[in-house]
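K.L.:
Got a predicted structure plus its sequence, pasted below:
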Amino acid sequence: MKRSRGLRSGSRYKLSRRARERGLSPITRTLEQFGVGERVNIVIDPSVQRGHPHHRFHGLTGNVTGMQGKAYVVLANEGNAVKQLIIRPEHLRRAR
């Protein structure tokens, strides 16, 4: 049988939480708002499957360029290419 290669394949440890962090995330993370031009870190929240980017972008920093529905449009560098990602706020944190 052919091996399944879904969106979350190869992310067994990257998208798992430690024992004391399990469960749902705080609601304030969903309600957080970001402005255009703001720098954000992409940190995928594994308890929310909706609106997360591919796990190759986990840990990268990007710039918010706008909104699309409830999600934000983020430009992130991947190697020499600039990628446009559509990410919901649960998976974004303000960069310091």
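P.N.:
Now that the structure is in, tell me what you want to look at.

K.L.:
Do you know the pLDDT at Thr61?
P.N.:
At Thr61, the pLDDT value in this model is 98.

K.L.:
for Leu92, that is, sorry about that
P.N.:
The model reports Leu92 with a pLDDT of 98.

K.L.:
Next: His52.
P.N.:
His52 is given a pLDDT of 95.

K.L.:
For it, grab the count of nearby residues.
P.N.:
Using other CB atoms under 10 Å, His52 is surrounded by 22 other residues. In this view, the C-beta of every residue, glycine as well, is placed from N, C-alpha and C.

K.L.:
Gly37 versus that one, what's the distance?
P.N.:
To Gly37, His52 is 22 Å away according to CB to CB, to the nearest Å.

K.L.:
next one: Leu24
P.N.:
Leu24 sits 30 Å away from Gly37 when distances are taken as CB to CB.

K.L.:
Please report the distance of Leu60 from Arg22.
P.N.:
Relative to Arg22, and taking CB to CB, Leu60 is found at 25 Å.

K.L.:
higher neighbour count, these two?
P.N.:
More crowded of Leu60 and Arg22, by other CB under 10 Å: Leu60, with 17 against 10.

K.L.:
host element of Val74?
P.N.:
Here Val74 sits within strand 71-78, counting by DSSP states H and E.

K.L.:
Each with direction, which strands does that strand pair with?
P.N.:
According to DSSP bridges, strand 71-78 forms sheet pairs with strand 61-68 (antiparallel), strand 81-87 (antiparallel).
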